[in-house]
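>>> Structure of the sequence below:
(chains A, B, C and D)
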2 protein chains.
Amino acid sequence: MNKSRDGRSSPVQSLSPAGGARQQSLRTHNLALVLRAVVEAPAPLTRARIAAALGLTRSTASDLVDRLVAARLVDELEPELVGRAGRPGMLLAPHRGGVAGLGLEVQVDHLAVRVTALDGSSLGEARLAGDHRASDPAAVARSLGHLAGQVTAQLPTQVELVGACVSVPALLRSGSGVVQLAPNLGWSGVNLVELLCEHPALRTLAIELGNDADLSARAETRARAVAGQSVREAQSFLYIAGEVGIGGAIIIDGEPARGQHGWSGEIGHVVIDRSGPRCACGATGCLEQYAGLDVIRRRSGLSVDTTVDQLLDRERRSIRVRRSLQWASSAIGVAVATTLNLVDVERVVLGGVYARLFDHLAPGIEREVRSRVLAARWAPVDVVPAVAGPDSAATGAGWRVLDGVVADPARWIADHAHP
Amino acid sequence: MNKSRDGRSSPVQSLSPAGGARQQSLRTHNLALVLRAVVEAPAPLTRARIAAALGLTRSTASDLVDRLVAARLVDELEPELVGRAGRPGMLLAPHRGGVAGLGLEVQVDHLAVRVTALDGSSLGEARLAGDHRASDPAAVARSLGHLAGQVTAQLPTQVELVGACVSVPALLRSGSGVVQLAPNLGWSGVNLVELLCEHPALRTLAIELGNDADLSARAETRARAVAGQSVREAQSFLYIAGEVGIGGAIIIDGEPARGQHGWSGEIGHVVIDRSGPRCACGATGCLEQYAGLDVIRRRSGLSVDTTVDQLLDRERRSIRVRRSLQWASSAIGVAVATTLNLVDVERVVLGGVYARLFDHLAPGIEREVRSRVLAARWAPVDVVPAVAGPDSAATGAGWRVLDGVVADPARWIADHAHP
DNA sequence: CGAGATTTGTTCACCCATTGACCTTATCCG
DNA sequence: CGGATAAGGTCAATGGGTGAACAAATCTCG
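A predicted model of the protein is given here:
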């Protein structure tokens, strides 16, 4: 599964803090930079524009681009249509249909699979509803493997999957393939990667796990970069994945703040009132007991299998539902304010079911944020709904796989020279 | 895949911030790496060990070291005394007495100044008690400038101050020299750098501002690296500066998590109970209203000018003081637990007066942390007192100045070639 | 005590990636 | 059509790390 990450024998990948920069590192680093620029650009670039953006000479940039084109990571499209003097540049775009990442998603109420290409397009996807509260991990793994098999079987032959990543609403044991604790699935200490490896469609792939909020946030950075014309680096936000549980991810300058073990962002267990209701985690007054989907349903007087559509429908008539949402939104606001005081970002993205409930939650959240965030006076906080599409965690998982290639195309090229 | 490696996530000041790696960058980067290794090593290194640690060849490392020695940033000491076969290496240490940073500190109850050299030694220091609640910024700046003048006047002539950094318990407007909001000093929108520049001792220096908790945490990383034999990169912790106000800083792999504007870590305004007492910041139930020094004094039935020594003395006899500390510690515990759920570090360092109250606060904090931190089961949280000495913010401010040189010695060498 | 082993620091010819000047190509403008 | 402008390509030059070879300093063992 995991390739050897012996920092010593393999060529140093980039100019990391730990390792010295050797001269190979220069090209390794610059190749990664160029590929990233192409992949994350909101619109196709040319060699000249890449050179200017990265501060490289045109010759260097051109040489690097040529290598990426030869490796089928970048495509040369038609010449740009210019409205100025000078030779038009050749437009460059991430290669479509070659290298791709397989994203899998386990969620409390469904499974999802999506294959994502370097250009961001979906090359295949599938979804399967199902209640996974207190589920059997082996059975879920079988279903997921089956679903993945259906999708991969229909891929064009030239597509090359470089790996798979599974989104789980859980704390993960970093690097080991083990789900440490997934309260809402009822899992604990489950080696999900091992279970998935048994399925023929996945046996040959390197499989890693990722937290659902982290991966959804990854998809969100991409979606916002494309939609908003902004590059990924310019993005800092707090992502909140509201489902039965409440996950969170903190993105600073396009990079997730992972923390020491990758367990950052557990906003569901921020304290709203230390003497509040008891939480499944053992503590009292956690956000999840105020604003988790099941709690919202219960306080609304609705059954546990009420859909979000039904909830939205009832909201129009029932004051009880409105009160419940208001109660939740105020608690979310307190947790968000606490978080922003700790991590200083100016944007909050509501994802999961919160995205669909956005209009009913945002006012309450904004009220608390205005009065509680110390810096809000000088840096107004922006609360927005997620723009990444459905099953964003599966999309993000695909990107996570591709990130491995984009972060070090030189290694990928070397590995694929003589297969 | 390789993303899962610790310490790899931060982009690091690799080369040009966002730009491509040019060939000069290689040396720039490696010089910085070597100097950092020497400065942050708990014990003197040799050329060969530097090469091994950084993955460079001995020839390259040796060449870089020679340049640093020539620039008087690194000193060659005596040969190491070996207990093994082989030629003994020449021990290397950061140059002492040459380049140094001037650290200034404004605190609610005192001012402090310290000059820190590259080897960490203090080349001069001073301290002046005084109550700066609701103070006049201009008057404080005059006192501080005067104090700095006393210290700098007595420095040996070969000491070269590369700049100054002022610690303020405040939100700062990044880069502008302006104190945005310092509630406990009663300052708002004060251009402190401008005020300090008027003093003759500081006129020629580049002056920057820094948050007190951030700078104390900077001193703490250094102190722990030296004391605990651990390198700076291996350190992740939450630093809490308990004073009249409560500041915080989050350090991941030796680097402060700054956030979008450098306002991260305001743990004093984490919510303990959303319907709790009103805070000076306008919100309700902030930690500061449970565990700020003035609140502890008040709940203990002591006057606002009671010293910490007096407080500790009373603690032995007065149940009211004990109750007050317990009340505070439980609140700190809730805030710490909330923070650790959000940022995932396994160590909490109590600084400021909390370091002196450590024995009375730690049990209560640990109790809350155990029951509230989701990951505490697998990664036990360590609550420890700060080890950096008194006026650690002034020390950290000195380091902040020196960090500028260590991060880019090539530039510093170029600037000092023909002065 | 001396030979061999071991490890450090230095030297130098070599190699690799970027550089920049120069050239060609493609378009726009008057 | 000719000049201006900009993109892409070529190639000798340059900067900087590489690695083999060597000298120096110490330890170990016969």
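>>> Just to check, residue A:72 is in contact with residue A:95?
Yes. Checked against CB atoms under 8 Å, the pair residue A:72 and residue A:95 is within contact range at 5.4 Å. In this view, the C-beta of every residue, glycine as well, is placed from N, C-alpha and C.
>>> The two: who's more crowded?
For residue A:72 against residue A:95, the residue with the higher neighbour count under other CB atoms under 10 Å in any protein chain shown is residue A:95, and the figures read 21 against 16.
>>> Give me the three-state assignment for residue A:113.
Residue A:113 carries the three-state label strand when classified by DSSP: H, G, I helix; E, B strand; the rest coil.
>>> Can you verify my assumption that it contacts residue A:143?
No. Look at residue A:113 against residue A:143 with CB under 8 Å: they stay out of range, at 10.5 Å.
>>> Comparing these two, which shows the higher neighbour count?
Neighbour totals were compared for residue A:113 and residue A:143, and residue A:113 leads with 29 against 17 (other CB under 10 Å).
>>> If that one is in a bridge, with which residues?
Here residue A:113 sits in beta bridges with residue A:104, residue A:126, going by DSSP bridges.
>>> got a list of what it touches?
The neighbourhood of residue A:113, defined by CB atoms under 8 Å, 6 or more residues apart in numbering or on different chains, consists of A:102-105, A:124-127, A:144, A:147-148, A:150-151, A:394.
>>> any idea how far it lies from DNA strand C?
38 Å (CB to the nearest atom of the strand, to the nearest Å).
>>> Which pLDDT value belongs to that residue?
Model confidence at residue A:113, expressed as pLDDT, equals 98.
>>> about what we covered before: among the contacts of residue A:113, which ones are buried?
Taking 16 or more other CB atoms under 10 Å in any protein chain shown as the criterion, what is buried in those is A:102-105, A:124-126, A:144, A:147-148, A:151, A:394.
>>> Columns pLDDT and distance to DNA strand C on top of the residues you listed, output as JSON lines?
Written out in JSON lines, the entries for these read as follows (pLDDT from 0 to 100; distance: CB to the nearest atom of the strand, whole Å):
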{"residue": "A:102", "pLDDT": "98", "distance to DNA strand C": "31"}
{"residue": "A:103", "pLDDT": "98", "distance to DNA strand C": "32"}
{"residue": "A:104", "pLDDT": "98", "distance to DNA strand C": "36"}
{"residue": "A:105", "pLDDT": "98", "distance to DNA strand C": "38"}
{"residue": "A:124", "pLDDT": "97", "distance to DNA strand C": "36"}
{"residue": "A:125", "pLDDT": "97", "distance to DNA strand C": "37"}
{"residue": "A:126", "pLDDT": "98", "distance to DNA strand C": "41"}
{"residue": "A:144", "pLDDT": "98", "distance to DNA strand C": "41"}
{"residue": "A:147", "pLDDT": "98", "distance to DNA strand C": "42"}
{"residue": "A:148", "pLDDT": "98", "distance to DNA strand C": "37"}
{"residue": "A:151", "pLDDT": "98", "distance to DNA strand C": "38"}
{"residue": "A:394", "pLDDT": "98", "distance to DNA strand C": "35"}
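>>> can you put these in CSV and add distance to residue A:319?
Converted to CSV, those look like this (distance: CB to CB, whole Å):
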residue, distance to residue A:319
A:102, 46
A:103, 41
A:104, 41
A:105, 36
A:124, 45
A:125, 40
A:126, 40
A:144, 41
A:147, 41
A:148, 45
A:151, 45
A:394, 37
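>>> Closest one to residue B:285 out of the residues you listed, please.
Checking the buried ones among the contacts of residue A:113 against residue B:285 by CB to CB gives residue A:105 as the nearest, at 36.9 Å.
>>> Now do the contacts for that closest one.
Under the criterion of CB under 8 Å, 6+ apart, the contact list for residue A:105 reads A:111-114, A:166-167, A:212, A:215, A:391, A:393-394, A:397.
>>> and chain A, which of its residues are near DNA strand D?
With the criterion set to CB under 7 Å from any atom of the strand, chain A comes near DNA strand D through A:21-23, A:46-49, A:58-59, A:62-63, A:65-66, A:84-90.
>>> Pull out the buried members of those residues.
For the residues of chain A next to DNA strand D, a neighbour count by 16+ other CB under 10 Å gives the buried set as A:21-22, A:46-47, A:49, A:63, A:65, A:89-90.
>>> What about those, which are in helices?
Among those, the residues falling in helices (DSSP state H) are A:47, A:49, A:63, A:65.
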